[in-house]
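> got a structure for you, letters missing:
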């Protein structure tokens, strides 16, 4: 609209969806400001189609991710996961009316075991942050996409990101031992392939 601000798309939400999300996450983690919605339309792939999301959510735990996915499923609204939006594939681009599930608030390194050489992290941990943390333990995390200083581990995993070091040391998925996954139904699959002691009760 020329000369004014576009109204928040929150008014177009299915009845009860925003209330469900705010109950699950809290008011500050449910964003409907038009400027913030535009910021979350796309990643760095400018030539890929993108829409305007209905709402952006910022969960902090697996339980909150489950709550977002289940709320969206109940109301028939698509969910688009996003990390730091540094990708070049358009995979994080929103579609019109979607719930964006941003993982940027899930930025905790839960454990670094220098003996087993295992790190347990949330998907919003920045690549450079993890690399710096393991370096303090005498270790090295090799995957180094060009956006390594700002891209997140979750996004690196989803795109199998590499970098100059991947020629010798391999890409991201070669460093993944297990994932905790929330399906479109809201079902949470426990991680496999990593000693259970390494996984907190809440991740």
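Ah, there it is. This one's a predicted model, so the numbers in the text were calculated from it and none came from an experiment. Numbering: from 1, shown residues only.

> what mean pLDDT does whichever helix in the chain runs longest have?
Assignment by DSSP state H gives helix 62-74 as the longest helix of the chain. Average pLDDT, helix 62-74: 97.

> got it, and stretch 17-27?
For stretch 17-27, the per-residue pLDDT averages 97.

> quick one, domains of the chain?
Domain assignment for the chain by automatic domain parsing gives 9-102, 111-176.

> Figure out how far the longest one is from the centre of its chain.
Here the centre of domain 9-102 is set off from its chain's centre by 11 Å, with Cα atoms, centre = their mean, to the nearest Å.

> where exactly do the strands run in this protein?
30-31, 55-57, 79-82, 99-102, 109-113, 118-121, 181-182, 188-189 (DSSP state E).

> Looking at the domains of the chain, which is nearest to residue 190?
domain 9-102 (10.1 Å; Cβ to Cβ). Yep, even glycine has a C-beta here, placed from its N, CA and C like the rest.

> OK, contacts around residue 128?
Residues near residue 128 by Cβ atoms under 8 Å, 6 or more residues apart in numbering: 148-150.

> give me the low-pLDDT residue ranges for the protein?
Low-confidence segments of the chain (pLDDT under 70): 1-12, 191-203.

> would you list every one of the helices in it?
Under DSSP H, the chain gives helices at 17-25, 34-39, 62-74, 127-135, 153-159, 166-169.

> Turn those helices into a markdown table, columns for distance to residue 103.
As requested, the helices of the chain are exported to a markdown table (distance: least, Cβ to Cβ, whole Å):
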| stretch | distance to residue 103 |
| --- | --- |
| helix 17-25 | 13 |
| helix 34-39 | 15 |
| helix 62-74 | 8 |
| helix 127-135 | 13 |
| helix 153-159 | 5 |
| helix 166-169 | 23 |
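
> which one of these lies closest to residue 51?
When the helices of the chain are ranked by proximity to residue 51 (Cβ to Cβ), helix 34-39 comes first, at 10.1 Å.

> on that earlier part again, out of the domains of the chain, which gets nearest to residue 189?
Short answer: domain 9-102, nearest of these by Cβ to Cβ, at 10.4 Å.

> In a markdown table, list the domains of the chain along with distance to residue 185.
Below are the domains of the chain laid out as a markdown table (distance: least, Cβ to Cβ, whole Å):
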| stretch | distance to residue 185 |
| --- | --- |
| domain 9-102 | 7 |
| domain 111-176 | 19 |
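
> I'd like to know which of those is closest to residue 183.
domain 9-102 (7.8 Å).

> Could you verify my assumption that residue 150 touches residue 124?
No. Applying Cβ atoms under 8 Å, one finds residue 150 not in contact with residue 124, separated by 11.6 Å.

> So for the two, which sits in the more crowded spot?
residue 124 (22 against 14; other Cβ atoms under 10 Å).

> How about the contacts made by that one?
So residue 124 contacts 83, 103-107, 152-154 (Cβ under 8 Å, 6+ apart).
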